[in-house]
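I would like to see how this sequence folds:
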Amino acid sequence: MKILLAAPGTGKKEKRSISGRAFQVPPLALGILASLTPDDFEIEMVDESMRDLDFASTPDLVAITSLTANAPRAYEISHQYRERGVKTVLGGIHPSAVPFEAIQHADCVAIGEAEGIWPRLLADFRAGRLKKFYRGRKPDPSQISIPRRDIFERKGYFLKGTVQTSRGCPLGCDFCSVQRFFGDKFRFRSVGSVVDEIRALATKFVVFVDDNLAGSRSYARELFAGIAPLNVKWICQAPITIGKDLGFLKMMHKAGCRGVFVGFESIMPDSLREVGKSFNVVARFHDHIKRIHDTGISIEGAFVFGFDHDDKSVFKRTLDFINKTKIDFAQFGILTPFPGTKLQERLKRENRIITEDWRKYDIAHTVFKPAKMTVEELDRGRRWIEDEFYSLKGTVRRAFSLGRRTHYLIPMLILNASYRQYIKAFR
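Numbering: from 1, shown residues only. The predicted structure is shown next:
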């Protein structure tokens, strides 16, 4: 039997450009499905950001993973294969959040993490008794699968060495769907298994895809000690609060950390309280950023606009803050009420959601009524700060503010240029 594992695109061809691929990573969810699949199944994986699907081929089963923004494309793929008599399964964060919507477009919906579902689902499929819904328990950390990477495209991905060390998050921010999908507790893989996986990658650059690599400082320290001898450089996601602990930062850097993606979300304390992220203390941002930079670690900051306390001044104030603190890279998004989040529930109660066209749920479009701006003002403001930050003037300013991190100059210039081209193509 043949299984096709599909990662839908969004219809935007910019991801196939060189600049787009600078931010493209292999779909680990499909690699995990492959690792859980018995050897007597033939597997093909197609990531539409890399190449087109061939609908002329007819596998026995098609499994499609989906986020919210590419859910419409996932549904299209499923329909096209079903018209050819092929059974389809939808899984991932979006189908798990809205399974009764998803089942209208597929034969089966997998709700939750693959380890507790995929083996049962395949056994039922083989026996001809595929159910409409499968829901599994959260797997024990020892059961978290290492992705099969031989199914991924050999060329095209810029960031290939992606590794996940944990799942779950206890923070429960209103706009985040991680807790709903992965649970409200951290589940950590053994450091030994992570080290073995990195060693097998045979790469000198690793991307940790955990939502918070520093969620447990004790685990993180054990991890840093384990990976330091591998002599790899790596980047990760972590909260700005890591800036409190100089010893922790030095250990991160010694272990190979060269960059962190930080969810600042807002420089407005009222906005952070609004969405349950008051542990981000704005008054301490400057000190934390300086300490991280002084350790030799670069920062990509994520900023979100559209909170109920945001007015039109928030864009200029945020840009001034970024320039003053010398943040290296930035991502600018619009607050988005993803399905299954507390934010979506609240905005629905307030009758403020203006569209459920999932293609617009990409943090680049306003899909609800802002409190202190019009939809147009919010969209225009986000584009303005993006253009200003990634302008030639902005890039040159950052190039002259690297301090002891001057060895990042060439990578910084390349990535800034890639961002600028990606933004242009996306629009």
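
switch to C-alpha atoms for all contacts and neighbour counts from now on
Fine.

Residue 109 touches residue 90, doesn't it?
Yes. Using C-alpha atoms under 8 Å, residue 109 is in contact with residue 90, at 4.9 Å.

so what sits against both of the two?
102-103 (C-alpha atoms under 8 Å, 6 or more residues apart in numbering).

For the spatially closest residue to residue 255 that is not a sequence neighbour, give me its contacts.
Counting by C-alpha to C-alpha, 6 or more residues apart in numbering, residue 228 is the residue found nearest to residue 255 once chain neighbours are left out, at 4.1 Å. Residue 228 is in contact with 254-256, counting by C-alpha under 8 Å, 6+ apart.

can these go into JSON lines with extra columns for distance to residue 200, pLDDT and neighbour count?
Shown next, in JSON lines, are the contacts of residue 228 (distance: C-alpha to C-alpha, whole Å; pLDDT from 0 to 100; neighbours: other C-alpha atoms under 10 Å):
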{"residue": "254", "distance to residue 200": "21", "pLDDT": "97", "neighbour count": "19"}
{"residue": "255", "distance to residue 200": "18", "pLDDT": "98", "neighbour count": "22"}
{"residue": "256", "distance to residue 200": "17", "pLDDT": "96", "neighbour count": "23"}
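
tell me the secondary structure for residue 365?
Under DSSP: H, G, I helix; E, B strand; the rest coil, the three-state class of residue 365 is coil.

residues contacting it?
Applying C-alpha under 8 Å, 6+ apart, we find residue 365 in contact with 334, 379.

now it: how far from residue 49?
Look at residue 365 and residue 49: by C-alpha to C-alpha, to the nearest Å, they are 21 Å apart.

quick one: the strands in the stretch 1-150 of the chain?
2-7, 42-47, 61-65, 87-91, 108-111, 133-135 (DSSP state E, counting those that start in this stretch).

Is it possible to get TSV of those that adds mean neighbour count and distance to residue 358?
Rendered in TSV, the data for these read as follows (neighbours: other C-alpha atoms under 10 Å; distance: least, C-alpha to C-alpha, whole Å):
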stretch	mean neighbour count	distance to residue 358
strand 2-7	22	16
strand 42-47	18	19
strand 61-65	24	15
strand 87-91	25	16
strand 108-111	26	18
strand 133-135	18	22
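
Save those as CSV, and put in mean pLDDT and distance to residue 224 too.
Shown next, in CSV, are the strands of the stretch 1-150 of the chain (pLDDT from 0 to 100; distance: least, C-alpha to C-alpha, whole Å):
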stretch, mean pLDDT, distance to residue 224
strand 2-7, 97, 32
strand 42-47, 96, 32
strand 61-65, 98, 31
strand 87-91, 98, 33
strand 108-111, 97, 33
strand 133-135, 96, 34
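
What confidence value was assigned to residue 170?
The model reports residue 170 with a pLDDT of 83.

Residue 11 now?
59.

List the residues that contact residue 343.
Per C-alpha under 8 Å, 6+ apart, neighbours of residue 343: 174-175, 275, 337.

Run through this protein and note the low-pLDDT ranges.
11-23, 403-404, 407, 426-427 (pLDDT under 70).

which SSE is residue 379 in?
When elements are assigned from DSSP states H and E, residue 379 belongs to helix 375-389.

That helix: which residues count as buried?
For helix 375-389, a neighbour-count test (16 or more other C-alpha atoms under 10 Å) marks 375, 377-379, 381-383, 385-386, 389 as buried.

Give the other helices and strands that it contacts.
helix 314-325, strand 329-334 (3 or more C-alpha pairs under 8 Å, 6 or more residues apart in numbering; DSSP states H and E).

try 10 Å this time
Secondary-structure packing of helix 375-389 (3 or more C-alpha pairs under 10 Å, 6 or more residues apart in numbering; DSSP states H and E): strand 298-305, helix 314-325, strand 329-334, helix 392-399, helix 409-426.

between that helix and strand 298-305, how big is the angle?
160 degrees (axes from the mean of the first three to the mean of the last three C-alpha atoms, to 10 degrees).

just how off-centre is helix 375-389 within its chain?
Remark: helix 375-389 is offset 22 Å from the chain centroid, using C-alpha atoms, centre = their mean, to the nearest Å.

export it as CSV, just CAs?
Provided in CSV are the C-alpha atoms of helix 375-389 (Å, rounded to 0.1, in the frame of the first residue of the first chain):
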residue,chain,number,x,y,z
VAL,A,375,-9.3,47.7,10.1
GLU,A,376,-7.5,49.8,7.4
GLU,A,377,-5.4,51.7,10.0
LEU,A,378,-4.2,48.4,11.6
ASP,A,379,-3.3,46.8,8.3
ARG,A,380,-1.6,50.0,7.1
GLY,A,381,0.3,50.5,10.4
ARG,A,382,1.7,46.9,10.3
ARG,A,383,2.9,47.4,6.8
TRP,A,384,4.5,50.7,7.7
ILE,A,385,6.6,49.4,10.5
GLU,A,386,7.6,46.4,8.4
ASP,A,387,8.8,48.7,5.6
GLU,A,388,10.6,51.0,8.0
PHE,A,389,12.4,48.3,9.9
